[in-house]
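Undergrad: Provided below are the primary sequence and the corresponding predicted coordinates.
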Amino acid sequence: MSTAIIKPHQRELFGHPIGLYVLFFTEMWERFSYYGMRAILVLYLTTVTTDKNPGLGWTNGDALALYGWYTMMVYVMSIPGGIIADKILGQKKSVLVGGVLLLFGHSVLAIEQMWAFYTGLVLIVLGVGMLKPNISTMVGGLYKKGDIRRDKGFTIFYIGINVGAFISSIVVGYVGEVYGWHYGFGLAGIGMALGILQYVLGLKYLENVGNFLGATKDEKEKELLKKPLTKIEIDRIIVLFISFLLVIVFWGAFEQAGGLMNIYTKEKTNRLLMGWEVPASWFQSLNAMFIIFLGTAVAAFWAKRKLKGKVSSSLFKMIIGLIIMGTGFFFMTAATAEYESTGTSAMHWLVLAYLFHTIGELCLSPVALSFTTKLAPAKYASIMMGVYFAMTGFGSKLAGLLGEWSESLGEYKIFTGIAIFSVVLGLLTLLLRKKLEKLTHGVEDNEHEIIEA
């Protein structure tokens with residue numbers, strides 16, 4: 001009696017393809033490098049040149065302006081990154097190219113010269129643009145259509161992102177603030193090198209995903225690339241673009257973490273804990289820590305809700321996520337009110353704000369990634385993922401603008417305005433949810449049947 005040989009890419013671990021964990025650790029190290037650099041970037045820009053650990057001495061407004069442009073371009077470049085993957089390289093090779101660009105970018109930042117600073121930022125922008133949309137699309141490619149494990153798979157993948165973000169905010173943040181900003185930047189580069197090594201060693205588990213479709217020998221797949229979009233595909237793209245509006249607003253608010261909230265933490269928060277001053281960059285790790293602890297719980301909550309037949313569509317989750325995140329900014333309103341009356345604000349306001357931001361993120365971000373892979377036409381999979389990340393980029397630019405406006409309007413008005421706008425937009429979209437979901441043409445309807453099979 002012969003037994004079938006299980007190929008590496010067919011193997012599973014804890015109910016998911018092993019390839020998911022390869023991508024998990026690749027993204028973990030990529031996010032270690034990105035979020036480590038993000039945690040200290042604005043602090044480096046605004047630290048005065050006479051400090052014992054001198055920065056560039058920029059004003060808060062100038063620093064937040066650069067932060068906004070940088071974080072926007074990092075994600076906007078996902079569009080050409082997706083096009084290159086779909087038309088030339090395929091997702092798998094594009095991820096590798098992106099990783100190498102990131103390695104060079106973070107390494108160059110370790111050099112204490114202005115040309116190196118700007119060169120490093122450009123290389124990081126190009127690297128994230130190549131890697132980010134394509135590795136996320138590959139996660140979706142690990143699962144067949146209608147597989148209910150897809151959302152859970154993206155949540156596991158998302159936890160990987162935040163393991164990297166948590167470690168980097170603590171390690172890179174500490175090294176950057178205490179020993180020198182450029183040591184922190186260099187440490188981020190080491191993380192990216194480990195990510196590339198892990199990815200190359202795990203390619204055998206990714207044989208069936210991320211390949212260049214233009215080189216396929218399958219005649220059916222070749223025909224699929226040539227056919228025009230159907231009415232159903234067009235409707236689904238319309239829903240995606242409407243959902244992207246939620247994404248822009250969400251990240252425009254959420255990205256205050258690395259900008260305005262980061263500066264507020266450093267300048268106006270009482271960070272003394274038992275006589276020791278907590279580094280400002282460490283608060284960047286709260287979001288990642290909460291995701292690690294709450295990620296599977298939130299995913300399980302939505303899965304159980306779906307099995308009970310209650311509303312748990314991707315669009316519903318995203319709307320609820322926006323509302324919860326917006327609510328978190330009311331805690332920052334309380335923090336600024338306390339500062340204005342006493343001259344300082346307590347750390348617990350930041351902790352509560354990051355907690356609500358995290359729960360909102362878990363409801364929206366991994367779901368939006370999964371939603372994009374469900375609705376995007378196969379021949380435009382990476383491009384549409386690139387558009388999704390570009391919307392994230394526009395949100396980041398909006399975050400920078402809001403941070404700049406705080407210099408004239410004040411943090412109280414900015415934080416309160418973000419809270420009110422996010423909650424109101426979420427509630428209005430909730431009223432239109434059923435009409436929008438009709439345009440998906442039941443893309444998520446069969447998931448319940450599969451889990452019962």
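TA: Good, I have the coordinates. Residues are numbered from 1 along each chain as shown.
Undergrad: quick one, what contacts the closest residue to Phe290 other than its chain neighbours?
TA: When the adjacent residues along the chain are set aside, Phe290 lies closest to Thr358, with 3.8 Å between them (Cβ to Cβ, 6 or more residues apart in numbering). C-beta coordinates here come from the backbone N, C-alpha and C atoms, glycine included. Residues in contact with Thr358 (Cβ atoms under 8 Å, 6 or more residues apart in numbering) are 286-287, 290-291, 294.
Undergrad: just among these, which is most surrounded?
TA: Among the contacts of Thr358, Ile291 has the most neighbours (other Cβ atoms under 10 Å), with 25 neighbours.
Undergrad: among the contacts of Thr358, which ones are in helices?
TA: Secondary structure of these is defined by DSSP state H; positions in helices are 286-287, 290-291, 294.
Undergrad: from those, which is closest to Lys145?
TA: Ile291 (27.4 Å; Cβ to Cβ).
Undergrad: the residue lying closest to the closest one once chain neighbours are set aside: how many residues sit nearby?
TA: In this structure, Ile291 finds its nearest non-sequential neighbour in Asn162, 3.9 Å apart by Cβ to Cβ, 6+ apart. Using other Cβ under 10 Å, Asn162 has 26 other residues around it.
Undergrad: also Tyr179?
TA: Summarising burial for Tyr179: neighbours were counted as other Cβ under 10 Å, giving 12.
Undergrad: next one: Ile292
TA: That count, for Ile292 with other Cβ under 10 Å as the rule, works out to 16.
Undergrad: how about it, what does it touch?
TA: 159, 162-163, 166.
Undergrad: Serialize these to a markdown table and add fields for secondary structure.
TA: Compiled in a markdown table, the contacts of Ile292 are given as follows (DSSP: H, G, I helix; E, B strand; the rest coil):
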| residue | secondary structure |
| --- | --- |
| Ile159 | helix |
| Asn162 | helix |
| Val163 | helix |
| Phe166 | helix |
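Undergrad: and the residues you listed, which is closest to Val209?
TA: Using Cβ to Cβ, Ile159 is the member of the contacts of Ile292 that sits closest to Val209, with 19.8 Å.
Undergrad: check what pLDDT that closest one gets.
TA: Model confidence at Ile159, given as pLDDT, is 82.
Undergrad: not including adjacent chain positions, what is the nearest residue to it?
TA: What sits nearest to Ile159 in space, not counting adjacent residues and going by Cβ to Cβ, 6+ apart, is Gly295, at 4.5 Å.
Undergrad: just give the number of residues close to that neighbour.
TA: Number of residues near Gly295 (other Cβ under 10 Å) recorded here: 22.
Undergrad: could you point out which element follows the strand or helix carrying Ile234?
TA: Using DSSP states H and E, the secondary-structure element containing Ile234 is helix 231-254. Remark: after helix 231-254, the chain's next helix or strand is helix 260-268, criterion DSSP H and E.
Undergrad: alright, I will stop here.
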